[in-house]
Every structure is written in structure tokens, then in C-alpha cells.
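Enquirer: no sequence for this one, just the structure:
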């Protein structure tokens with residue numbers, strides 16, 4: 001089902017590099033999709049929510065279809081914040097600006113660290129000597145105490161295969177990691193001690209001048 005769409009600013013219409021998308025050999029229709037590959041690590045601040053996931057490619061001229069089971073484990077210092085897994089197609093190297101709910105019947109366990117999903121998915125057919133595929137993502141919430149400037153790469157994306165389909169191309173499934181990174185902590189500017197001393201002298205001088213003026217006014221009033 002692809003009736004639910006969402007717009008996302010993270011997924012822009014992109015033409016992938018030709019070197020990464022050129023299919024080796026003739027695009028045919030008698031092979032399985034590729035094993036999943038990890039998505040680039042998004043930067044997620046401690047206490048915030050962002051996406052992790054993986055991408056499955058198709059380098060043959062027939063769409064990959066089938067029912068699969070997806071096993072996910074959130075990276076360290078994060079937990080899943082939704083029971084949905086989203087998909088965003090790219091066809092012949094061009095990424096869609098829309099995404100849809102690829103899996104909607106997922107269940108959480110182990111304190112929301114693990115998620116299991118079942119569903120039927122489709123990986124678009126390749127063409128014009130370029131791969132097609134689906135980028136799968138799901139949101140995680142990062143622990144507020146997670147260390148800064150750290151990349152967590154120990155999440156798990158593990159999809160079963162759909163071998164034995166009676167029509168279309170098979171989804172080969174496979175396992176990869178999921179990842180995210182935390183931002184660096186902004187440095188607090190250090191105050192030069194001489195600058196601080198100078199400021200103290202100025203403040204002290206200003207205070208003495210005010211006291212002197214008050215004394216002069218008091219004397220003049222006598």
C-alpha cells in the first residue's frame with residue numbers, strides 16, 4: 001500500500017553519481033535485488049529524534065516484489081519512537097521527494113530497542129543502465145545523556161528474503177548496520193584574564209569617581 005505520503009526536507013530530488021549507478025552489464029530480469037546498505041549517518045542531538053535506516057537496490061529490469069520480515073535494532077543510546085518504517089523510491093537514479101509507509105504493522109520490544117515488521121514491499125525496476133531502489137528509514141530518539149561528537153554504528157537492519165516468488169523479481173534480503181551521529185558541543189569562549197582584570201579596574205575606577213562626586217556635592221551643601 002502506498003496511499004500514505006509525507007513530504008520530507010531530508011530527501012531532495014537527487015541524481016546519483018553516474019559511477020555509483022551504472023549497472024555492470026545488461027539490465028535483465030533474472031536476478032535478486034542487492035543486499036541492504038547502510039544509510040548515511042544523520043546528525044541527531046541528544047534528546048532529539050531523527051532517522052536511521054538502510055537502502056535496497058535493484059539492478060535488473062523487473063521490479064522486486066515479495067513478503068518479507070524486517071528485524072531492526074536501534075543504535076546505542078537511542079530507542080525507536082515509532083512503529084512505522086518509511087520508504088522513499090528512487091527510480092533510475094532519481095530520488096523521489098515523497099515517502100510512504102512501507103511497514104505499518106511493526107511491534108516494539110526490549111524497551112523499544114528492537115522492532116519487528118512484516119509486509120509486502122516492491123523495489124522498482126532498474127533501467128537506462130542505472131539502479132533503482134528504496135531508501136528505508138525509521139525514527140529514533142537519542143538519549144539526552146548521549147556523548148557529543150560520536151557516531152553510533154551498531155544498529156541492525158536485517159531483512160528476510162522473498163525467494164520463490166511466482167512472478168517478478170525476488171528480494172534477496174540481507175543484513176547491514178544502522179547509524180547516526182551526535183553533534184559537537186559548542187565551545188564556550190574563554191575570557192582573557194588580562195581583559196577581565198582590565199574590566200575590573202575600569203569598574204573600580206568608575207565606582208571611585210561616583211563616590212568622589214557624591215562627597216563633593218555633600219561638601220558644597222554645607
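Expert: Yep, that arrived. These numbers were taken from a predicted model, which means no experiment stands behind them.
Enquirer: What segments of the protein are helices?
Expert: For the chain, the helices defined by DSSP state H occupy 18-21, 193-220.
Enquirer: mind listing the strands for this structure?
Expert: Secondary structure of the chain (DSSP state E): strands at 5-7, 37-38, 42-43, 49-58, 64-73, 78-80, 85-91, 94-95, 98-103, 107-109, 114-123, 132-142, 151-159, 174-181.
Enquirer: Adding mean pLDDT and mean neighbour count, write these out as TSV.
Expert: Backbone N, C-alpha and C define where each C-beta goes, glycine included. Formatted as TSV, the strands of the chain follow (pLDDT from 0 to 100; neighbours: other C-beta atoms under 10 Å):
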stretch	mean pLDDT	mean neighbour count
strand 5-7	47	10
strand 37-38	98	16
strand 42-43	98	14
strand 49-58	97	23
strand 64-73	94	20
strand 78-80	98	23
strand 85-91	96	21
strand 94-95	90	16
strand 98-103	96	20
strand 107-109	98	12
strand 114-123	96	19
strand 132-142	98	25
strand 151-159	98	18
strand 174-181	97	20
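Enquirer: Do I have it right that residue 52 meets residue 79?
Expert: No: with contact defined as C-beta atoms under 8 Å, residue 52 does not reach residue 79; the gap is 11.3 Å.
Enquirer: Identify the bridge partners of the nearest residue to residue 48 once chain neighbours are set aside.
Expert: Closest residue in space to residue 48, ignoring its immediate chain neighbours: residue 142 at 6.0 Å, by C-beta to C-beta, 6 or more residues apart in numbering. Beta bridges link residue 142 to residue 78 when assigned by DSSP bridges.
Enquirer: how close does residue 142 get to residue 136?
Expert: Distance from residue 142 to residue 136, counting by C-beta to C-beta, to the nearest Å: 19 Å.
Enquirer: got it, and residue 59?
Expert: Note on residue 59: its distance to residue 136, by C-beta to C-beta, is 18 Å.
Enquirer: Identify the contacts common to residue 52 and residue 79.
Expert: residue 140 (C-beta atoms under 8 Å, 6 or more residues apart in numbering).
Enquirer: Burial check on the residue lying closest to residue 63 once chain neighbours are set aside, number of neighbours?
Expert: Setting aside the residues directly before and after it, residue 63 is nearest to residue 125 in space (C-beta to C-beta, 6+ apart), at 4.6 Å. Applying other C-beta atoms under 10 Å, we find 19 residues neighbouring residue 125.
Enquirer: Next: residue 148.
Expert: Residue 148 has 12 neighbouring residues, counting by other C-beta under 10 Å.
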